[in-house]
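Asker: predicted model and sequence follow; I will ask about them next.
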2 protein chains.
Amino acid sequence: MEIGSASGVMAGFFTQGRRWLNALRVKFKAKVADTARNIKKVGQDDPRRVIHSLKVGLALALVSIFYYYQPLYSNFGVTAMWAIMTVVVVFEFSVGATLGKGLNRGMATLLASALGVGAHHLANLSGHVGEPILLGSLVFLQAAISTFLRFFPKIKARYDYGLLIFILTFSLISISGFRDDEILELAHKRVLTIFVGGCACVIISIVVFPVWAGEDLHNLIALNIEKLGNFLEGFGDEYFKRTGDAGSKDDKKYLEGYKSVLNSKTGEESLANFAAWEPGHGRFQFRHPWKQYLKVGTLARECAYRIEALNGYLNADIQASSEVRSRIQEACTNMSIESGKALKELSLTIKKMVQPSSADSHIENAKSAAKNLKSLLNSGLWEDTDLLKVIPGITVASILNEVVKCTENIAESVHELASKAQFKSVERTVSPEKLHSGQPQNIKSAQMVNCSHVVVSVKESTMAASPSEISSAPKGIKHNMEV
Amino acid sequence: MEIGSASGVMAGFFTQGRRWLNALRVKFKAKVADTARNIKKVGQDDPRRVIHSLKVGLALALVSIFYYYQPLYSNFGVTAMWAIMTVVVVFEFSVGATLGKGLNRGMATLLASALGVGAHHLANLSGHVGEPILLGSLVFLQAAISTFLRFFPKIKARYDYGLLIFILTFSLISISGFRDDEILELAHKRVLTIFVGGCACVIISIVVFPVWAGEDLHNLIALNIEKLGNFLEGFGDEYFKRTGDAGSKDDKKYLEGYKSVLNSKTGEESLANFAAWEPGHGRFQFRHPWKQYLKVGTLARECAYRIEALNGYLNADIQASSEVRSRIQEACTNMSIESGKALKELSLTIKKMVQPSSADSHIENAKSAAKNLKSLLNSGLWEDTDLLKVIPGITVASILNEVVKCTENIAESVHELASKAQFKSVERTVSPEKLHSGQPQNIKSAQMVNCSHVVVSVKESTMAASPSEISSAPKGIKHNMEV
């Protein structure tokens, strides 16, 4: 009996064990599949990430020649380490960020080395007891002051990394100078190896599939305006349910693209900071008006706040009565569609870097629709209507009116951008086919923004960003933590 | 004649020169005064910045003992440099950020050292030709893979710095191993000096006037909700101009405090990331529900979007007619003030970490005001009114209705936070004097939020954050660039 029950227990134990193992295997498989999907997604969202990873590997492998190649190693020895360090720390996703960090690191090292050597000489003069005290106070003082400087917003935006390196280099050189009289050689080697490492980063990041922060900013702003336009183009139909309920879920997902615009401020600002470091590239001059993009971005965000309010009415429990709706439908839909079209126009002109022209006519249309609505509301039609049933519809109309104003503001600032950045002017008589001939990558982006009704022609061939670059622009941003 | 004219020219030149010098002096003086004002402002905005700067100086001066103190220096030699480097790079504004970076750096160094030593052994086995090839490929591979991993949002948020240090340490150790057979000693020294540097940072940042990211997040969320409440409390009066136009400019500035809430997402998220690294401190346990703060923050932002729309109507050109206004004034003002009071209540309960109670009654009041407005609109009063004149007023009422809903959502999530974080429950019978007795710093913050009509009593004495800490919370955030 006892043996039987014991074997029963054992069998139960094994069954349980097998079940547990099976569950574990299933879980593990799911986990692996999940991870694989995740990896694929991160790569597909922005294929430039994969390339960037390979570029970092390449730069490191190149710089490690310092160690492998005997003549170089006998010259630099352990200080070759600084070259490797520089590569790991300076190589960023975009050219602008890499250049900014490289220049910050280089300049700060130069300055701090010079001051560090000076501090060392000064300390040497002050005798055996005074030396550590003087050096200690100098290190304390410069660290405290530099750290405090890092809190100034303007300095933080552009020279944060430089100040960090300044503290580091000054401390290392002035203190190590306490022991080492070859201090000048140390400083010299450090500057040289950092220069080599920085150059490797900058050259590879510019030459091998460069990622320009400026271009990313340009595309991001254009994409954000396009997203607002998409919402507005779809909003009228969605609110007045002309399309029926079928497929409305997909529609709504499509409509919610604007949500990313609400929180785009930080990303835009860091891209603009990086872009300021970049030399001229592609369609962009060296002193391209990046700050104007931030202005356009701010206005786009303000428009997005209004759209967020509109979106609330899409999903509100209380809707306007169908009678009211049908009355204001035409004017509201026109306001929404026309300002949507204007925004998409503006987005397209930014993308193509041409002077905005037909956007203004859409804005005029939107404004006249707003006027129509006004006179409609002013008419005697409403005397017998229940006010409570009118409210949601009227609120939507009123917010749409605000949106039209926002669109006007955006158009104005895009005009300003166009004149500051000297966008090309456009002929309005050439057929769309002519516009796209010989520019296969333009066709796709033009289709994407669905603007085939506009007849624009770019006078010179412009290199348009491919859709994949545009759609992934906001994702590869910010990458600023280091050694 | 010629001499006369020449001397005239000379005199003119000198006069011009003097003028120019004078202008330069005035300009220089203005610049200096401006800079001084700037410095003062940065320090006054958050006095903790000055303390942080001194702390960094102190930590550096302490760690440099590695160089001054002979027995230590003879042990560590040049590797003492790593300790200084660690301090410069790891010491961040908040304890959480410092701890996170220190742990990342420590763990990554340990792991990468072990793997680097392994790679070195493996390379040693593969002969004179195979060694550099194998090492080069290993460095390339690990750098590429680690860089790619840094693109995963979750990894980026918490382990970005660790991955960077992993790439760095692995490369340094495996490659330098190519030359140096004392590789184990190098790895050992590097780990030890980094440990010492990291400990110095963590200890100083915790012991000397600690800045807790968790507390900052807590105060920031409370402050943001308070700002929304401030707007709503003032909005009714401002819109219906009960206060008259005098002093309205100051009022408006006061009203625009909510604008900072619109773009607070990034700051909140980084604070929450830092807070997750922090041990229990003050009123916060180790596993305080920081993520719930982010939820509250998101809802507050959604409310801020509505408020932004409301604010547009404050400054709109077309206003509702005074007749319409006077009719809806009472209900609208009540909705606005009551939801404002509810938000300020909620802010106060977060600050004091007590269960929200009286906020609900304010929300009920706001809801009943909304109902009143509804029946008012439903009444026959409006049949003779011009619809166009009603619109702005009605839109404001409708958006206020949305704001009331947002307030309800915020209250719900604050309730959730209170139960998750086990906020203390409140007696509602004790006089306000009792609440404030013995807690001088509480009085100020309670006055600040102007809630003297609420009779709350905290069962245990709680340490309230001083107003200066609260108001400066959002400013000292983000500080993440390094060597």
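Answerer: Right, received. Where do you want to start?
Asker: OK, contacts around A:V414?
Answerer: The contact partners of A:V414, taken as Cβ atoms under 8 Å, 6 or more residues apart in numbering or on different chains, are A:I225, A:V296, A:L346, A:T349, A:I350, A:P356, A:A359. Bear in mind the C-beta positions are built from the backbone N, C-alpha and C, glycine included.
Asker: same thing but 6 Å
Answerer: Contact partners of A:V414, counting by Cβ atoms under 6 Å, 6 or more residues apart in numbering or on different chains, are A:L346, A:P356.
Asker: please apply the same query to A:A300.
Answerer: With contact taken as Cβ under 6 Å, 6+ apart, A:A300 is in contact with A:N224, A:I225.
Asker: spell out which parts of the stretch 1-150 of chain A neighbour chain B.
Answerer: Residues of the stretch 1-150 of chain A found near chain B (Cβ under 6 Å from any Cβ of the partner chain) are A:42, A:49, A:53-54, A:56-57, A:60-61, A:64, A:67-68, A:81, A:84, A:88-89, A:132, A:136, A:139-140, A:143-144, A:147-148.
Asker: keep only those of these that are in helices.
Answerer: Per DSSP state H, helices hold the following members of these: A:42, A:49, A:53-54, A:56-57, A:60-61, A:67-68, A:81, A:84, A:88-89, A:132, A:136, A:139-140, A:143-144, A:147-148.
Asker: what are the ranges of the helices in the stretch 301-450 of chain A?
Answerer: Per DSSP state H, counting those that start in this stretch, the stretch 301-450 of chain A carries helices over the ranges A:322-352, A:358-378, A:387-420, A:432-436, A:440-449.
Asker: now do the second one, average pLDDT.
Answerer: Model confidence over helix A:358-378 averages 86 on the pLDDT scale.
Asker: so does that helix get close to chain B?
Answerer: Yes: using Cβ under 6 Å from any Cβ, helix A:358-378 reaches chain B at A:L377, A:N378.
Asker: how many neighbours does A:H128 have?
Answerer: 6 (other Cβ atoms under 10 Å in any protein chain shown).
Asker: so what's it up against?
Answerer: Applying Cβ under 6 Å, 6+ apart, we find A:H128 in contact with no residue.
Asker: can I assume A:K424 is in contact with A:K352?
Answerer: No: shown here, A:K424 and A:K352 do not form a contact pair, counting by Cβ atoms under 6 Å, at 8.3 Å.
Asker: more neighbours: the two, which one.
Answerer: The neighbour comparison of A:K424 against A:K352 (other Cβ under 10 Å) goes to A:K352, with 23 against 16.
Asker: show me what contacts A:I225?
Answerer: A:I225 makes contact with A:A300, A:L343, A:L346, A:S347, according to Cβ under 6 Å, 6+ apart.
Asker: pull the CA atoms of stretch A:83-103 into CSV?
Answerer: Coordinates of each C-alpha in stretch A:83-103 appear next as CSV, following Å, rounded to 0.1, in the frame of the first residue of the first chain:
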residue,chain,number,x,y,z
ALA,A,83,40.3,57.2,-29.3
ILE,A,84,38.1,54.2,-28.6
MET,A,85,36.3,56.0,-25.8
THR,A,86,35.7,59.0,-28.1
VAL,A,87,34.1,56.8,-30.7
VAL,A,88,31.8,55.0,-28.3
VAL,A,89,30.7,58.3,-26.7
VAL,A,90,30.6,60.7,-29.6
PHE,A,91,29.0,58.5,-32.3
GLU,A,92,25.3,59.5,-32.3
PHE,A,93,22.4,58.7,-34.6
SER,A,94,22.5,61.9,-36.6
VAL,A,95,25.4,63.8,-38.2
GLY,A,96,24.4,66.9,-36.3
ALA,A,97,24.5,65.2,-32.9
THR,A,98,27.8,63.5,-33.7
LEU,A,99,29.4,66.8,-34.9
GLY,A,100,28.1,68.7,-32.0
LYS,A,101,29.5,66.2,-29.5
GLY,A,102,32.7,65.9,-31.4
LEU,A,103,33.3,69.6,-31.5
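Asker: shaky segments in the stretch 1-150 of chain A?
Answerer: For the stretch 1-150 of chain A, the stretches flagged by pLDDT under 70 are A:1-6.
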